[in-house]
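[1] no sequence for this one, just the structure:
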């Protein structure tokens, strides 16, 4: 199966399919308002909506932010009837190998949350991501009516030369979620061991 990635700019006719998958794949507290995604696509050159194709059929998407020192994957989803065929693994591999030599960060539900959370983390670990389970991280709410969500950070890096996780978390909170002071969420840097 051939997996290819493409920018949304050349496939805007798929926006309805992307929206449907987005709402199916993520609970409300982990979803940016759809109008905000549409605005970011048009106005923010750091934000990317990358489409995943399997044998030229729409199979999923990755939303990401490119910062000076790292890349942040905000959302990643595969169409339900295309799961279990290795499309997600190939897509993440293609994505990580096509990026500049920057570390790639993503958020995941804590490993002890559920069997599904454990499988997701193990999936990312097979793709070369490391779990920083000792770093206390909270995803800020996407809107005032939604709760903050306790998550874990994972990192993919070809070297150990990347910013401290607290700096990464602060940049994500500021640029992605609009939080100006990380302290408002009681974020505490904790030694993750090793170079993390």
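    Sure thing, it's come through. Note that the structure is a prediction, hence the values are computed from the model and not measured.
[2] and the one helix or strand in the chain whose mean pLDDT sits lowest, how far out from the chain's middle?
    Ranked by mean pLDDT, DSSP states H and E, the weakest helix or strand in the chain is strand 130-139, scoring a mean of 90. Relative to its chain's centre, strand 130-139 lies at 14 Å (C-alpha atoms, centre = their mean, to the nearest Å).
[3] ditto for stretch 162-173
    Computed by C-alpha atoms, centre = their mean, the separation of stretch 162-173 from the middle of its chain amounts to 14 Å.
[4] Pull out the buried residues from it.
    162, 163, 165, 166, 168, 169, 170, 171, 172, 173 (16 or more other C-beta atoms under 10 Å). (Glycine included, C-beta is placed from N, CA and C.)
[5] Quick check: which of those has the minimum pLDDT.
    Least confident of the buried residues of stretch 162-173 in the model: residue 162, at 78.
[6] thinking again about what came up before, neighbouring strands - and their directions - for the least confident helix or strand of the chain?
    Strand pairing for strand 130-139, using DSSP bridges, gives strand 149-156 (antiparallel).
[7] Other residues contacting the strand it pairs with?
    29-30, 96, 103-111, 121, 124-125, 127-133, 135, 137-139, 141, 162, 165, 168-169, 196 (C-beta atoms under 8 Å, 6 or more residues apart in numbering).
[8] are any of these buried, and which?
    30, 96, 103-109, 111, 121, 124, 127-133, 135, 137-139, 162, 165, 168-169, 196.
[9] Contacts made by stretch 51-61 with the rest, please.
    1-8, 11, 14, 17-18, 21-22, 49-50, 62, 75-79, 82, 85, 87-88, 91.
[10] the strands in this structure, which residues?
    All strands of the chain, identified by DSSP state E, fall at 3-7, 47-54, 57-66, 71-78, 104-108, 130-139, 149-156.
[11] need the least confident one among those strands, by mean pLDDT.
    Mean pLDDT values for the strands of the chain show the minimum at strand 130-139, a mean of 90.
[12] What angle do strand 71-78 and that strand make with each other?
    90 degrees (axes from the mean of the first three to the mean of the last three C-alpha atoms, to 10 degrees).
[13] would you list the buried residues of stretch 162-173 in JSON lines and tack on distance to residue 69?
    Output for the buried residues of stretch 162-173, formatted as JSON lines (distance: C-beta to C-beta, whole Å):
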{"residue": "162", "distance to residue 69": "7"}
{"residue": "163", "distance to residue 69": "5"}
{"residue": "165", "distance to residue 69": "12"}
{"residue": "166", "distance to residue 69": "13"}
{"residue": "168", "distance to residue 69": "8"}
{"residue": "169", "distance to residue 69": "13"}
{"residue": "170", "distance to residue 69": "12"}
{"residue": "171", "distance to residue 69": "8"}
{"residue": "172", "distance to residue 69": "12"}
{"residue": "173", "distance to residue 69": "15"}
